[in-house]
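**Q** would you be able to build a 3D model of this:
(chains A and B, ligands or ions: 2)
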Amino acid sequence: MKVSDLSELALRNLRESLLRNSLTTVGISVGVASLVAMLSLGTGLQAMFSRRLAKSGLFDTIVVTSRREMRGMGREEQRNGPSPGESRVLDEPARTEIEKLPHVLEAYPDIRFATELRFEDKPHLTMVSALPESAKSNDAFDGMKGSFFSSETAPEVILQKSFAEELLGQTPPLGAPEPNVGDLAKPLLGKELVMRYAQREAAQGQPVPLRPADAGSGDDNFAGAAYSVVSREQKLKIVGVSDLDPETMRGPMRAKVFLPLRLAESLHVMQPTDLREISHAGDQPVYSSISVRVKDPSEVQAVEGSIKKMGFTTFSILDASRSLQQVFKVLFAFLGIFGSLALTVASIGIVNTLVMAILERRREIGIMKAIGASDGDVRKLFFAEAGAMGILGGIVGVGFGWAIGQIINFGTNIYLKSQSIPPEHFWAVPWWLAVFAVVFAFGVSLVSGLYPAERAAKLDPVQALRYE
Amino acid sequence: MSIGSIVSAARETVAIRSENLSRYYRMGETVIRAVDGISLEVQAGEFVALLGSSGSGKSSMLNLIAGLDRPTSGSVIVQNRDLAKLSREELAKYRLHVVGMVFQSFNLIASMTLAENVELPLRFAEVERGRREELAREALDRVGLRARMNHRPSELSGGEQQRAALARALINRPKLLLADEPTGNLDSHTGTEIMDLVREFNQQLGMTVVMVTHERPLAERYAQRMIFLADGKLTDDRPNV
Ligand SMILES: Nc1ncnc2c1ncn2[C@@H]1O[C@H](COP(=O)(O)OP(=O)(O)OP(=O)(O)O)[C@@H](O)[C@H]1O
Ligand SMILES: [Mg+2]
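**A** Numbers count the residues shown, from 1 in each chain, chains lettered A, B, ... in the order given. Ligands and ions are numbered 1, 2, ... in the order given. Below you'll find the model as predicted:
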């Protein structure tokens, strides 16, 4: 039989028992919808994460440390490279050299120190780090209340939400709902913090870091060291409270208070490296690490290579993102299995419907065979019916799944808005998923049609026609 | 005339030949001999009536000739084809192109219009839609149902339904018309109408007709030859005079 005749007869037969076949088709579409829902949730989440990661600057940032740091992340280099003592110091000339490498946008020192901050006369100990002007576009400051630093040298701070909670004494117990950033920011914005820190100061009172020999003379100076350490205070205005954590990548070293980079540099805060590099000859600052921003994530590897050749240790998140992809693959498999489960149930529905149809249409099959239909014709007819239900159910199901996604997107965004979090589009039905779902539903329905079609094809026409 | 051509001419004149044809049904311990060693020959263009009481094996015999069933033993040869040796696929082709069948209960498909019912065999024969509609119209015309072609079987009388079934049996221009009690569900007047059509097919289209019937008068009126069965065996075979 011709395909056109087959599909015509199949559709006619489906219309004949409209209710039953519609119910079966609805069953398939519910199965497909759940599959589409699960997988589009997966893709949507993945897309959201990728977008966030790209925006967060994690993918275009390389962290450079000296091998002298002796806690480099690349074991390989530790084993094969020159010994830490002989390798290069990460100082200002090194920074400018890195900044001049091709594809590099900027290379800024990572200034980071633990210090005491006084707020309303109560001391709080925390980690402080400096942010370059370019961090303004960082995703982590999207949901920030207040504003970014007014200038690179302004005596201003941005607080991470958890530190704001600490200042207000509102740290929520574990598992309790997080307080709203807006509520946290209101009493804090514009208020003053006093930062106490240790300044590296040359003996003459002029802050020149790391000049060896020249013995100091001040009261609390280090005798014989290149500089003295002076306790200082700096008043800082709170300009912003950020919701998200811009430093997730730093682990325990992550800061909760942020200063403008130039201001932090000018303060000459005592850095851990200062002690180690005390013997280092030079009048330039030495950094414990430098963050290098590359124009495009695809250039990260090349730039990393050049920096390694200069004798430094590098770390980028590229490897981390690769393992994230792995996590998503597993998540996908899980969501896919759960989605397919409903489709499996639906496919049993197809088998049931078609077996019922055979019983009901026994005589009709007998007639068709008596007037010349071959086993193949009958088999194909039942396949066509199964396939038509599959395709129909698939298309309707994709529509369903898409609609469910839209509703969930809409609903969550209303919630996010009420929490003053920017809207997020984490549910997506890409075209390939739609096509895959319809093809998959078609395939499943054909497999379900296998047994009924064979049974119909092998029906004995004499028996079928025997009884009225 | 050569011997070969005489043989082939003889072959062409024989439409159906059965040799020791048997069909047994096994029902648990007992074996039912529905057809029990029947040998007969039907000439091309003949009109044969199969007679016998209920359960004598008439329908079983007809189904064997129609290629709907396979013999337990013996052979049935139609138009030089040994049906026992054909594959399922070949048997379907044989039923499609060589045989036209009508039944006591008409056996039209209820969900299809008359035209669709009549053209159904042409779908299996993969005939183009246009040609199909043309042939269906022609066949319905021949049985006088052209005006009802878009009606469903349930909207027609029994006689009209049987006429539609005849149109369907005719559509592929088969050599053989096999009818299983075609008038069994009809009153005598309507039955006569149907029999007139069957005779018309036999005489005008040259179809060989094998008709199963209960009614001896009908057989005597229309058939050229009467074959009597009892308990699956051939008991009498005589020309109608
Ligand atoms: N599928 C079957 N299984 C068992 N026995 C069968 C089967 N088909 C037919 N028979 C038996 O074979 C015998 C012949 O049946 P068949 O239908 O050929 O008779 P018939 O001459 O056509 O009778 P009727 O005039 O009532 O139609 C009967 O005894 C019947 O019970
Ligand atoms: Mg019978």
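**Q** which stretches of the chain form helices?
**A** This is for chain A. Secondary structure of chain A (DSSP state H): helices at A:3-16, A:18-56, A:75-80, A:92-99, A:161-168, A:181-185, A:261-267, A:272-276, A:300-309, A:318-360, A:362-370, A:375-418, A:431-457, A:461-466.
**Q** wrong one, chain B
**A** B:3-13, B:58-66, B:88-97, B:114-124, B:129-142, B:158-170, B:188-204, B:216-222.
**Q** check which residues of the fifth one are buried.
**A** When burial is assessed from 16 or more other C-beta atoms under 10 Å in any protein chain shown, helix B:129-142 yields the following buried residues: B:132-133, B:135-137, B:139-140, B:142. Every residue, glycine included, has its C-beta placed from N, CA and C.
**Q** check stretch A:453-467 too.
**A** A:453, A:455-457, A:459, A:461-462, A:464-465.
**Q** from the chain's centre, how far out does it sit?
**A** For stretch A:453-467, the separation from the chain centroid amounts to 59 Å (computed by C-alpha atoms, centre = their mean, to the nearest Å).
**Q** can you show me the CA trace of that stretch as PDB?
**A** Below are the C-alpha coordinates for stretch A:453-467, written out as PDB (Å, rounded to 0.1, in the frame of the first residue of the first chain):
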ATOM      1  CA  ALA A 453       0.800  -4.800  14.300                       C
ATOM      2  CA  GLU A 454       2.400  -8.300  14.200                       C
ATOM      3  CA  ARG A 455      -0.700  -9.700  15.900                       C
ATOM      4  CA  ALA A 456      -3.000  -8.000  13.400                       C
ATOM      5  CA  ALA A 457      -0.900  -9.100  10.500                       C
ATOM      6  CA  LYS A 458      -0.900 -12.800  11.500                       C
ATOM      7  CA  LEU A 459      -4.700 -12.800  12.200                       C
ATOM      8  CA  ASP A 460      -6.400 -15.800  10.400                       C
ATOM      9  CA  PRO A 461      -9.000 -14.400   8.100                       C
ATOM     10  CA  VAL A 462     -11.100 -17.600   8.100                       C
ATOM     11  CA  GLN A 463     -11.400 -17.300  11.900                       C
ATOM     12  CA  ALA A 464     -12.000 -13.600  11.800                       C
ATOM     13  CA  LEU A 465     -14.900 -13.900   9.300                       C
ATOM     14  CA  ARG A 466     -16.400 -17.100  10.800                       C
ATOM     15  CA  TYR A 467     -18.600 -15.600  13.400                       C
END
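**Q** hmm, who's touching it?
**A** For stretch A:453-467, the surrounding residues in contact (C-beta atoms under 8 Å, 6 or more residues apart in numbering or on different chains) are A:354-355, A:358, A:362-363, A:365-367, A:369-370, A:375-376, A:378-383, A:386, B:63, B:68-69, B:103, B:107.
**Q** on that earlier part again, pick the most buried one from the helices of chain A.
**A** Highest mean neighbour count among these (mean count of other C-beta atoms under 10 Å in any protein chain shown): helix A:362-370, with a mean of 22.
**Q** average pLDDT for that helix?
**A** The pLDDT scores in helix A:362-370 average 94.
**Q** quick one, that helix and helix A:375-418 angle?
**A** With axes from the mean of the first three to the mean of the last three C-alpha atoms, to 10 degrees defining the directions, helix A:362-370 sits at 130 degrees from helix A:375-418.
**Q** around chain B, pick out the residues from the stretch 351-468 of chain A.
**A** Within the stretch 351-468 of chain A, the positions lying close to chain B (C-beta under 8 Å from any C-beta of the partner chain) are A:363-364, A:366-377, A:461-462, A:465, A:468.
**Q** could you list the low-confidence segments of the chain?
**A** As the question left the chain open, I've gone with chain A. Along chain A, segments meeting pLDDT under 70 span A:52-58, A:68-86, A:138-140, A:175, A:202-227, A:244-253, A:272-284, A:318-323, A:426, A:467-468.
**Q** please refer instead to chain B.
**A** For chain B, the stretches flagged by pLDDT under 70 are B:1-12.
**Q** most centrally placed residue in it?
**A** Nearest residue to the geometric centre of chain B (C-alpha atoms, centre = their mean): residue B:178, 0.7 Å.
**Q** surely it meets residue B:62?
**A** Yes: between residue B:178 and residue B:62 there is a contact at 5.4 Å, judged by C-beta atoms under 8 Å.
**Q** who touches both of the two?
**A** With C-beta under 8 Å, 6+ apart, residue B:178 and residue B:62 have common neighbours residue B:210.
**Q** picking up where we left off before, who does the residue nearest to the centre of chain B form a beta bridge with?
**A** residue B:101, residue B:210 (DSSP bridges).
**Q** what residues are up against it?
**A** Residue B:178 touches B:62, B:65-66, B:99-102, B:209-211, counting by C-beta under 8 Å, 6+ apart.
**Q** name the nearest residue to residue 32, sequence neighbours excluded.
**A** Just going to use chain A. residue A:397 (2.6 Å; C-beta to C-beta, 6 or more residues apart in numbering or on different chains).
**Q** oops, wrong one, chain B.
**A** residue B:25 (4.3 Å).
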